[in-house]
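K.L.:
here is a sequence together with a model predicted from it:
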Amino acid sequence: MNYQEFEILKFVKDFIDNCMDVWHKRAWFMKAAAVLFIENFVRSLGDNAAKLDREHGYGEHMFLAQVEYFQNYEPCDEETRRGVLYLTVNFYRELVKRYPDEKYFEDAYWVPERLLFSPKMTSWITERISFTPYSSTMSYPKGDKTIIVLHGFDQWYTRFSPQDFLLMDMTPIASRFFRKLYFDYLRSSRHVFSECATNNPKVFARFLNAMLEVKKRGGTQEDHWTVMEARLTKELIDNATVISACVPGRIGEPLSIPYKNMRIGFFKRWFTWAVLEGRLSVEDTFFDEWVQIEEPSKNEAKPIPHEDLEKMMAVAKAKSKDKELYRLYYIAICINLIMSIRPSDVLSLKVSGLRESISQTNTVLHHITKTSKGRLQKDPLTKNDLMLINEAVALTAPLREKANKALKDHIFLYTTNRGSIDQIKVDALSDFMQRCCNEAGIKTYSPYRLRYTFYTALYESKAGNELTDNEKKILSKHMKIGTTMGYVKRSRAEYFRAVFHVMGDNKDAVVAGQVVETMPKGTQDIGVRGDGLGKCCSPNGCLDQSMLPCIACRHFITTVEHEPFFKRMIEIYDKEMESAASDHEREDILTKKELMVSYLIEIDKVKQKSK
């Protein structure tokens, strides 16, 4: 043994001796595993040993090399192998915690720090599940299971963190052909991958497997589908039930229509892609059978009752004084109650998103949303909004200094039990709300109920009742007022009047009187919020710094000279429509475009009068 090998083993042995008390409590076989681990440590490093100097030089490649060595180590039983792999994982975890300045996994490609600290990590490497960074060229896993590492997916989808990963298990799909077809569809684009991650193979494998059984009996090929098979698949989904494990004796209850439609839509998009790729063939009217189920008109939404909300918020506010993390939860809940941002979008906010507007009159929040697909949305902030967000920024400033570079711009951070810095997830916020509800002695509510509550409060307030239809549409990001009203607890009569107004006379955008021949004196410039489209004619200015775009406000005013700006915005929206990744996003863009067209129509009327 040379001097360097001796120094490496001395460091490792001392390190393990210090950790053994903690590790031994979690695994009775640790003694034999520790002996094997130490005796083979240098050999498991291979050529990487030359790069080590005490705690310096370790990292992702060393970890993967040692894992592969112990996975293939012959003279050892499976229990000892599991023990030595457990030691390997925890050795690197302890290194990360004890020597944070070394940043061992900061730039990891295959095994980011979040994956290393997953509770299931030892099980995954014992099962030889591979780690595959997402790309359009990733290959199908040999064992039908793979951990897909999602670098940068937080830039497109707010529910992912900067260092996220997902276990993709293809085994529920019985057909090898369809496993490969599903995987290839999954890697075809980031948007498709996000959809596949939501629609896990387990969700639709039962329908697909049932159809494949029918195909076997009929003797037809897997790569050709008939109209009758499409019809049978639709019936299977339509008759699906969900089993409630927490209610003894309950066999199942019907799947909701939105879930049924989501699964029908998934099948249709997947098979359409496969046909275009030449992987499947179908009969002529095959896709006509997969028409989504018509949903009844939306009835009243379900905001948190005012009395329950007061009790829950009282408990949340009291708890927020005990721990910094609870304070961040409380701030996130408050932001959801005063802004139309989804819970996942709130928890993904970044410090760099807070920017002063050109007019210097307010701060604009630049952020991505569930449907923006990486494009920044701009929302003006009220003073109260800004105060809450700035408090969260100040609370987490020390964490950003210690966080890895992927998290250094995020606002809602916390210190995990293992000592690392991570982004707060919606599940954690949901657990906090559930504890608050339990302590308050009320029914439990999820963070997504806060969105309903926001819209209901908006319409019930005096200011809300004075909102124009244009403001309601833009504020709620819904093309039809009927969709917005689905979030709002109103009487059925009011609800149907709103729907009739939109769907009956087709005059959603009412801008008459806001286009004038000449701009009156006293109007104000509105900077970036107006996009050059016009000015503000409010006698007192925008006193409450409304979160609404100026274009939707009753005080917005424009003239025929601004016509080119409206045409420019329509061109921009048309380009955005071409790259829109979902129907929801397309509707949002169409709402704005519709408003621009309405102003052009009014401008044309004014021009005709002046001739």
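P.N.:
That came in fine, so what should we check first? Only a predicted model underlies this, so the values are computations on that prediction, with no experimental measurement involved.
K.L.:
what sits closest to Q423 if chain neighbours are left out?
P.N.:
Leaving aside its sequence neighbours, Q423 sits nearest to S161 (Cβ to Cβ, 6 or more residues apart in numbering; 4.4 Å). The C-beta positions use only the backbone N, C-alpha and C, and glycine is treated the same way.
K.L.:
my read is the one you found is in a helix, agree?
P.N.:
No: looking at S161 with DSSP: H, G, I helix; E, B strand; the rest coil, it is coil, so not inside a helix.
K.L.:
tell me the contacts of it?
P.N.:
Residues in contact with S161 (Cβ atoms under 8 Å, 6 or more residues apart in numbering) are 114, 154, 407, 422-423, 425.
K.L.:
again with V516
P.N.:
557-559, 606.
K.L.:
could I get the pLDDT score of it?
P.N.:
With respect to pLDDT, V516 has a value of 86.
K.L.:
cool, and E585?
P.N.:
Value for E585, per-residue pLDDT: 62.
K.L.:
now the strands for the stretch 51-200 of the chain?
P.N.:
130-133, 145-151, 163-169 (DSSP state E, counting those that start in this stretch).
K.L.:
is it possible to export those strands to a markdown table including mean neighbour count?
P.N.:
A markdown table is the format used below for the strands of the stretch 51-200 of the chain (neighbours: other Cβ atoms under 10 Å):
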| stretch | mean neighbour count |
| --- | --- |
| strand 130-133 | 18 |
| strand 145-151 | 21 |
| strand 163-169 | 20 |
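K.L.:
can I get these in TSV including distance to V275?
P.N.:
Shown next, in TSV, are those (distance: least, Cβ to Cβ, whole Å):
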stretch	distance to V275
strand 130-133	27
strand 145-151	25
strand 163-169	23
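K.L.:
okay if I get these as CSV plus distance to M519 and mean pLDDT?
P.N.:
Formatted as CSV, the strands of the stretch 51-200 of the chain follow (distance: least, Cβ to Cβ, whole Å; pLDDT from 0 to 100):
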stretch, distance to M519, mean pLDDT
strand 130-133, 55, 91
strand 145-151, 50, 92
strand 163-169, 50, 89
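K.L.:
circling back to that earlier point, what's the farthest-apart pair in the contacts of S161?
P.N.:
L407 and K425 (12.9 Å; Cβ to Cβ).
K.L.:
quick one: the helices in the stretch 151-300 of the chain, in order.
P.N.:
For the stretch 151-300 of the chain, the helices defined by DSSP state H, counting those that start in this stretch occupy 176-186, 190-198, 201-218, 227-238, 257-276.
K.L.:
contacts made by the first one with the rest, please.
P.N.:
Under the criterion Cβ under 8 Å, 6+ apart, residues 140, 144, 168, 170, 173, 192-193, 196, 201, 208, 212, 222-223, 270, 273-274, 277, 279-280 lie in contact with helix 176-186.
K.L.:
buried ones only from those, please, as a PyMOL command.
P.N.:
Command for PyMOL that selects the buried part of the contacts of helix 176-186, burial taken from 16 or more other Cβ atoms under 10 Å:
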select buried, resi 144+168+170+173+192+193+196+201+208+212+270+273+274+280
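K.L.:
looking at the contacts of S161, which has the smallest pLDDT value?
P.N.:
Minimum pLDDT across these falls on D154, with 81.
K.L.:
hang on, L381 packs against T363?
P.N.:
Yes: applying Cβ atoms under 8 Å as the test, L381 and T363 come out as touching, 4.9 Å apart.
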